[in-house]
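Chemist: Sequence first, predicted coordinates after that:
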Amino acid sequence: MHAIKSLINTSRIQHLNLSSNMISEVGMSMILDDLVKNSFLKTLDFGILEGAVRKNSFGVDGSRCLAALIIQNKKL
């Protein structure tokens with residue numbers, strides 16, 4: 001998660017694909033503030049890559065974080 005946080009905070013990346021990265025609700029909460037504050041990001045993908053064994057598993061709390069992100073970051 002530290003690499004993802006660093007990427008979000010130190011670059012002007014506009015498109016970020018985090019599909020099939022086994023991000024849990026704890027991981028989602030770790031990057032939430034960084035994603036909310038990021039003004040460059042236009043698209044963010046948490047989907048599942050076709051044929052991937054690894055999947056993101058946000059759970060209820062992670063889904064709430066994702067909803068908060070969508071509400072607070074108007075650029076996404």
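Modeler: That came through fine.

Chemist: In this structure M22 contacts N56, no?
Modeler: Yes - with contact defined as CB atoms under 8 Å, M22 counts as touching N56 (6.6 Å). Glycine gets a C-beta too; all of them are placed from N, C-alpha and C.

Chemist: more crowded one of these two?
Modeler: Taking neighbours as other CB atoms under 10 Å, M22 and N56 compare with N56 leading, 21 against 12.

Chemist: in this structure, which spans are strands?
Modeler: Under the criterion DSSP state E, strands of the chain are mapped to 15-17, 43-45.

Chemist: Next, find the distance separating the residue in the chain sticking out farthest from the centre from M1.
Modeler: Most distant from the centre of the chain: G51, at 20.7 Å, with distances by CA atoms, centre = their mean. Applying CB to CB, to the nearest Å, the value for G51 to M1 is 24 Å.

Chemist: what do you get for M22?
Modeler: M22 is 11 Å from M1, where distance means CB to CB.

Chemist: same thing with G27?
Modeler: As for G27, its distance to M1 is 5 Å (criterion: CB to CB).

Chemist: So between these two, which is more surrounded?
Modeler: Using other CB under 10 Å as the criterion, G27 and M1 rank with G27 on top: 20 against 15.

Chemist: which ones are touching that one?
Modeler: 1, 62 (CB atoms under 8 Å, 6 or more residues apart in numbering).

Chemist: Tell me if I'm right that A68 and L35 touch.
Modeler: No - contact criterion CB under 8 Å: A68 and L35 do not qualify, at 9.6 Å.

Chemist: So for the two, which sits in the more crowded spot?
Modeler: The neighbour comparison of A68 against L35 (other CB under 10 Å) goes to L35, with 24 against 16.

Chemist: Leaving out the residues flanking it, which one is nearest to that one?
Modeler: In this structure, L35 finds its nearest non-sequential neighbour in L69, 5.3 Å apart by CB to CB, 6 or more residues apart in numbering.
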